[in-house]
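# Build me a structure from this.
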Amino acid sequence: MSTISPHLRNFKEPTKEQLTHLFFALPTAVNGAEANGNGTKSEKSASPSEAELEKMEINAVLSLGVQGEEDSYAGKLHLLPPYLAFASLDRKSVRFTLPLCTIRRVERLNARAGIYALSLSLWHGMKIVVQLTSLRPTADLFCSLLRDALKVELQKGHMKAVKGFVKTCYSELLVASATAPENGDEKASDSKTDDAAGDSMYLGGLGLKFKFPGDPKKLREASKTKLWTNYLRTHGRNLTLLRYPQCTRLVQVGLPNRLRGEMWETLSGSLYLRFENPGYYDRLLAENEGRTNTSTEEIEKDLHRSLPEYSAYQSEEGISALRRVLQAYSFKNPETGYCQAMNILAAAILIYMSEEQAFWLLEVICDRLLPGYYSPSMHGTLLDQRVFESLVHRCLPMIHDHFQEVDVQLSVASLPWFLSLFINSMPMVFAFRIIDCFFCMGPKVLFQVGLAILKINGERLLKIQDDGQFIHLMREYFASLGDSAHPNSSDPRARAITRFQELLLVSFREFAVITDDTIYNERRKYRSEIVHSIESFSKRSAIRNLRTLERFTKEQAGLIYDALFKAVCVEPPPAVSLPPASLLTTRDQAEERPETRIGPKTFKVFLSEICTWARTEKIVTNGFQQRVDREIAEHELIDRLFFFWDTSYRGALSFQDLVSGLDGVMFNDLMENIEWFFNLHDKNKDGYLTKDEVLTLSESLLFIFRHEIGDAYLGAVSRFMSNAFEYGDTLLPRPEGADPETEAPPIESNQPYINLATFRMVVLADEVLESFFETDFSATFKLEPVPLMDIPNSNSGFLGGIWQNIATDDNRKKLNKFTDDIGRAVGKHQVFTRPAIGKYTTLEEPKARESLLTPTMRRTASKSSLTSPSETFAVASDSSSTLTASTSTSTLTVDPVTPSPSMPSASADYSPMPSMFQAAANAAALMERTPFAIDDAKDDEDESDEESDVEDDGVMDEVDAFLEAHDSGLTQAERELAQDLINAEPVK
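Residues are numbered from 1 along each chain as shown. Next up is the predicted model:
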């Protein structure tokens, strides 16, 4: 069993539009395809009005509609139907992503001359003011497009869906219960709170029943909740959240337990997926109920190894919820299915989120935030490990050099950090703080925290001598994250700083230079290296998983794999459409493991790499260059060979089928080749060829000989046809009692005509055909290193981008055509077709042997030969063996060709597994989580009111040290103008 996928080689850098969608966390449905219940991709049907909507961006200044609440920020306003998004100039201070259906009113403000400003009233009663700073025609066009997009949302009824959806969000209850006491009327406030609680059906995780990890008092839950309530009341919530610098600051402090799940899906963008696909999760589970496959089997093995110390996963309720989420993801994404560490991730987020919320968040993490982390090849994880190693070399050279000196693998410890988002490495209460920042600030957080861990422990790391000491040191450090970072300090404030606070301080202050662009560029730099490593590892695995190598060596099987891999890259096999789940399997029978199988189109490409007659090679010279243009041949013989090798009758060939098929032809001697060619054309396998099949066999020979020099092969096929029909007619049975001198009655073209012995005699009657089947035919199958297509160069830079745009296949074809035209004009253009066999280089035709039929046999056949044909055929077989007594058995030879730079050498392919892959293979052992006492859940019902009365600024002190400066991009005059627009009246 082997799975061959070229998707890593087919990777394309995201376009500017795709990067914009990723930045604003827009759901994939905006980009086109969405998965259906069976896991296959289908284009999302769009109404004509939606398809016509245009996207646009415009310069703008954003102001919150509350005087003095926030500064105004300059940036870009993006209309991305059905969303409206904004990002400040520095792309980190302020941003929002608003579904258009949450906008209730848009008014143009009556401002001073030359100022074009809009007031947007949102669902939660919040108002934002947007000053469009582009030219008047551009602003008018933007407003027109915005109006059209809002009309479409109104027609589709999405605005009505907002009210029911926000009831599932805890922030609604939180803000409703907090705003009531400000009115002063306690009775009214109590009734309003009760109404809000009654209407709310907010979603929550297992922590609501099984308690959240940690002590609420030590985590200062009440103070955090109060701070977040104030922010959400003035800056929007869930679908309408505006992310100002204060939002990032609050996230770095930590999210309240009850609000954490909602904030995770809001910051990551999975909230929009849940909003756009109501009921999808439940339908997916219902449609696949009872279905079992490889993924579900692996899920069952890992269910009880997912955060077993947490009480919810010691009960059937928690285990069942985890099972449903993981199975739903595997059904929606059958190519990915279920992968290592996905259970840890799902188990962690289920503590704070409902099953539906966790399902969509898992989708966003695996597909957008950490692409390739949770895939069969783990290419995303391996790539980021290479990037992390590069950053350690750049930022912490002493540690990097020491690790190289003592042969300590950094990925031994860092791979579980990235794969489980630190959940498996440190206490959950601290890991969730890092995950808060991860969803808010992006994947760069993982690199910043990883570098900070190494720097803080730098002195001790320089003393370690092996991997075991490295892992032990990290475990000791993670266990002490709750301790004081400066226990011997005389300053009480310094003693109050914990090691975890120190970790965040170093991460976000000293490693703030690690930006999203840094990670993006480093990934581009090392992607080719990782892809080559993964392909080499997959190749060894595929060869190791073969049931039998037949008579091939491992090196030869590797060459067959290379040809197959290139064919899959050039002509990807179609995705296998799965039958409905109810017909696929039963509970007692699992699905077959996935295996790459190629169809006829891909097979033609594969055979053209292996067989000389399955391709047409033209040597072109034009005075400027000499090149070889290769074309894939099209003929019925290739299709016939495809189904001949399909012994399991599945309409597709596996790697094992190709190895076995080639083994059946590449090691044959003369008689075996004749029999193989006969069986290839014997359609019904009855041991006879009909007249039609004899003609088809002749056409196959003509196809193989089509490019040979001279008429030797053409004459041989002509004589073959003449002898075959002459000898076949002679041996036809006569009716009993008929005169032997009379001709046999004719038979239909689809009736048995000649058998193998007769065919063998006809072939051996011709010297050219005998030589062809003895050595030439097997020699047309050649195993040579395949020059795989180069992975697109990922080097960034202006010149690199220009070269990638120039050096395309289309441009090469245009250049070749141009040079050919010039060559024709000067009379230097020549084209030679390379023969498939190339045995005859002159036009002389060798003399054919005389026919095996004697003159007497041409006139009539003896009665004895007709009554006992087997004896005749046996004699013929003996004579043929006598004729070929001096011939030698053909042997397989592989020409020693120097491997191309894009292909690893045979010795490299079978070298020991690289250290990074070894770390990935051993990740399962490293993913065993150490229980921490600080994670023990405590009751939050006993929280005293005293904590709510403490100064909220004390909670924020721990992040003040690493707050980044935020530039609004406005002058003082522009800020004053933006503030004046807050109180401006609408144009009437």
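# Find the nearest non-adjacent residue to Gly661, please.
Closest residue to Gly661 apart from its sequence neighbours, by Cβ to Cβ, 6 or more residues apart in numbering: Trp645 at 3.5 Å. Glycine gets a C-beta too; all of them are placed from N, C-alpha and C.
# Mind listing what's buried along stretch 758-772?
Residues of stretch 758-772 classed as buried: 758-766, 768-772 (neighbour count, 16 or more other Cβ atoms under 10 Å).
# Which parts of the stretch 101-250 of the chain are strands?
103-108, 116-122, 127-132, 242-243 (DSSP state E, counting those that start in this stretch).
# just the angle between the longest one and strand 127-132, please?
Looking back up the chat, that one is strand 116-122. With axes from the mean of the first three to the mean of the last three Cα atoms, to 10 degrees defining the directions, strand 116-122 sits at 150 degrees from strand 127-132.
# quick one: strands adjacent to strand 116-122?
strand 103-108 (antiparallel), strand 127-132 (antiparallel) (DSSP bridges).
# Put the alpha carbons of that strand into CSV.
Provided in CSV are the C-alpha atoms of strand 116-122 (Å, rounded to 0.1, in the frame of the first residue of the first chain):
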residue,chain,number,x,y,z
TYR,A,116,-16.4,62.5,2.6
ALA,A,117,-17.4,60.6,5.7
LEU,A,118,-19.8,57.7,6.4
SER,A,119,-21.5,56.7,9.7
LEU,A,120,-22.1,52.9,10.1
SER,A,121,-24.6,51.8,12.7
LEU,A,122,-24.1,48.1,13.6
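# Report the mean per-residue pLDDT for that strand.
For strand 116-122, mean pLDDT rounds to 94.
# again, but for the first one
Averaged across strand 103-108, pLDDT comes to 94.
# so Leu219 touches Val429, yeah?
Yes. Between Leu219 and Val429 there is a contact at 6.7 Å, judged by Cβ atoms under 8 Å.
# for Pro931, helix, strand, or coil?
Judged by DSSP: H, G, I helix; E, B strand; the rest coil, the three-state class of Pro931 is coil.
# State the distance from Arg630 to Ile619.
To Ile619, Arg630 is 11 Å away according to Cβ to Cβ, to the nearest Å.
# List the pairing partners of the host helix or strand of Lys618 within its sheet, with orientation.
Lys618 belongs to strand 615-621 when assigned by DSSP states H and E. According to DSSP bridges, strand 615-621 forms sheet pairs with strand 626-632 (antiparallel), strand 830-833 (antiparallel).
# So what's the gap between the first one and the chain middle?
Spelled out, it's strand 626-632. 32 Å (Cα atoms, centre = their mean, to the nearest Å).
# got it, and the last one?
Taking Cα atoms, centre = their mean, one finds strand 830-833 lying 42 Å from the centre of the chain it belongs to.
# mind exporting stretch 553-570 as CSV, just the C-alpha atoms?
Output of stretch 553-570 as CSV, limited to C-alpha atoms (Å, rounded to 0.1, in the frame of the first residue of the first chain):
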residue,chain,number,x,y,z
THR,A,553,16.3,-4.7,-6.9
LYS,A,554,15.4,-1.8,-4.6
GLU,A,555,17.3,0.6,-6.8
GLN,A,556,15.3,-0.5,-9.9
ALA,A,557,12.0,-0.3,-8.0
GLY,A,558,13.0,3.2,-7.0
LEU,A,559,13.4,4.1,-10.7
ILE,A,560,9.9,2.8,-11.4
TYR,A,561,8.6,4.9,-8.5
ASP,A,562,10.3,8.0,-10.0
ALA,A,563,8.6,7.5,-13.3
LEU,A,564,5.3,7.0,-11.5
PHE,A,565,5.7,10.1,-9.4
LYS,A,566,6.5,12.2,-12.4
ALA,A,567,3.4,10.9,-14.2
VAL,A,568,1.3,11.7,-11.2
CYS,A,569,2.7,15.2,-11.2
VAL,A,570,2.1,15.7,-14.9
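# on that earlier part again, between the buried residues of stretch 758-772, which is nearest Leu473?
Phe772 (70.0 Å; Cβ to Cβ).
# helix/strand/coil for that closest one?
Phe772 - assigned by three-state DSSP - is helix.
# Out of the buried residues of stretch 758-772, list just those in helices.
Thr758, Phe759, Arg760, Met761, Val762, Val763, Leu764, Val768, Leu769, Glu770, Ser771 (DSSP state H).
# Name the residues of stretch 514-521 that are buried.
By neighbour count on 16+ other Cβ under 10 Å, the buried set for stretch 514-521 is Ile514, Asp516, Ile519, Tyr520.
# model confidence over it, on average?
94.
# pLDDT weak spots in the stretch 851-988 of the chain?
Counting by pLDDT under 70, the stretch 851-988 of the chain has low-confidence residues at 851-928, 939-967, 988.
# likewise the chain?
Along the chain, segments meeting pLDDT under 70 span 1-2, 29-51, 180-200, 575-594, 733-745, 788-809, 841-928, 939-967, 988.
# Break it down into its structural domains.
56-156, 165-179+201-369, 379-525, 546-575+595-667+807-841, 670-733+747-780 (the TED database).
# Buried deepest among these, which one?
Ranked by mean neighbour count, the domains of the chain are led by domain 165-179+201-369 with a mean of 21 (mean count of other Cβ atoms under 10 Å).
# Quick check: next helix or strand after the helix or strand containing Arg523?
Using DSSP H and E, Arg523 sits within helix 516-544. Proceeding N to C from helix 516-544, the next assigned helix or strand is helix 554-570, under DSSP H and E.
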